[in-house]
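Colleague: structure for this input, please:
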Amino acid sequence: MARRNSRAPRAPRLATVVAALDELAPPRFAADWDNVGLLVGDRSRSVSRVLFAIDLMPAVVDEAIAMKAQLVVAYHPPIFRPLKRLVGPTSGMEAGVIKCLEKGIAIYSPHTALDVADGGTNDVLADMVGIAKPEPVQMIDEERGQGRMGQLDKPTTLGQLAKRLKRKTGARCVSAVGALETPVRRAIVGVGAAGSLLFDGKPGFGDVIITGEMRHHDALRVLREKATALVLSHWSSERPALNRYASRLGELVGELDLQLSEADAEPFVRV
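Modeller: Model (predicted):
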């Protein structure tokens, strides 16, 4: 009679988790100025707990330590420009990197690779907006690209859409460019600070640009084009994607405890 193995499943190696993350948001999709993928960590070490956040702020690092996470997936890369030294104490982003190194916590960042990927940040926001058949605004190859645009599944007004997105994203404040009663039939979406990229969607009357940040002069351009815009805040436009991102990782690597950071937060407050 065979002996039953009662031991708990062995935790996967960091290399296995990184391979799955790379599959979900291939680093080759990232902008050439970006710094994505595994930034800190020993690929041979085991991973059982993963914390997801937008920014690797001190409170997020403390949260990762408290939950005994072996990996933090931080959407924004805390190591962005080349570092010549890692020396503390410091109040810079490298402070979190130093602390993670001390505690043996790996760091992975997908950033613009996740913006392009199927099911990534732009697709999640496009779903919330209600784009029926989203297409890339700016192509990077034959099938994929940055931003999303397309006709809405149901025509609405700028004000109604603003209220819906505020509720769905949890944004503290949604800023609008244009009259709230303006009819909206097509949306052009870009998470974070998409900038002039969204104008590649050729906005006009009946179109709305939805993004995380917008410069004053871009807002004036929206009005000149007789279009409209909704600005959710940088963090609020990206954060909704983390839940789907974590769930998809769980489907690929089942032996993981996956948690969304509660310390990760919008830096702006409504007054």
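
Colleague: low-confidence ranges in the chain?
Modeller: 1-9 (pLDDT under 70).

Colleague: what's the domain layout of it?
Modeller: 14-111, 118-238 (automatic domain parsing).

Colleague: mind listing the strands for the protein?
Modeller: 37-40, 49-53, 71-74, 106-109, 138-139, 145-146, 148-157, 175-177, 183-190, 207-211, 228-231, 257-260 (DSSP state E).

Colleague: which one, of these, ends up nearest to E266?
Modeller: strand 49-53 (12.2 Å; Cβ to Cβ). Where C-beta positions appear, they are placed from N, C-alpha and C, glycine not excepted.

Colleague: remind me what the closest one packs against, helices and strands.
Modeller: helix 58-66, strand 71-74, helix 241-252, strand 257-260 (3 or more Cβ pairs under 8 Å, 6 or more residues apart in numbering; DSSP states H and E).

Colleague: and the angle for the first one with strand 49-53?
Modeller: The one in question is helix 58-66. 170 degrees (axes from the mean of the first three to the mean of the last three Cα atoms, to 10 degrees).

Colleague: just how off-centre is helix 58-66 within its chain?
Modeller: 19 Å (Cα atoms, centre = their mean, to the nearest Å).

Colleague: surely L38 and P77 touch.
Modeller: No. Checked against Cβ atoms under 8 Å, the pair L38 and P77 is beyond contact range at 10.7 Å.

Colleague: OK, contacts around the spatially most central residue of the chain?
Modeller: Closest to where the C-alpha atoms of the chain average out (Cα atoms, centre = their mean) is E238, at 4.0 Å. By Cβ atoms under 8 Å, 6 or more residues apart in numbering, E238 lies in contact with 54, 75, 121, 191-192, 212.

Colleague: can you do 10 Å?
Modeller: 54-55, 75-76, 111, 114-115, 120-122, 124-125, 169, 191-192, 212, 232 (Cβ atoms under 10 Å, 6 or more residues apart in numbering).

Colleague: over to A219?
Modeller: Per Cβ under 10 Å, 6+ apart, neighbours of A219: 175-178, 209, 229, 231.

Colleague: same thing with V17?
Modeller: 11, 38, 41, 43, 46-48, 50, 70-71, 73, 106, 108, 249, 252-253, 255-256.

Colleague: what's the PyMOL line that selects buried ones from those residues?
Modeller: Remark: buried members of these, expressed as a PyMOL selection using 16 or more other Cβ atoms under 10 Å:
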select buried, resi 11+38+41+47+48+50+70+71+73+106+108+249+253+256
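
Colleague: next, count neighbours for N35.
Modeller: Neighbours of N35 under the rule other Cβ atoms under 10 Å: 17.

Colleague: typo on my end, Q160
Modeller: Q160, neighbours per other Cβ under 10 Å, totals 15.

Colleague: and if you look at the one 10 residues further on?
Modeller: Other residues lying near G170 total 13 when counted by other Cβ under 10 Å.

Colleague: returning to what we had before: report the buried members of the contacts of A219.
Modeller: 176-178, 209, 229, 231.

Colleague: returning to that earlier point: tabulate the strands of the chain in TSV, adding columns for distance to F268.
Modeller: Output for the strands of the chain, formatted as TSV (distance: least, Cβ to Cβ, whole Å):
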stretch	distance to F268
strand 37-40	26
strand 49-53	17
strand 71-74	19
strand 106-109	22
strand 138-139	27
strand 145-146	24
strand 148-157	24
strand 175-177	11
strand 183-190	19
strand 207-211	15
strand 228-231	11
strand 257-260	20
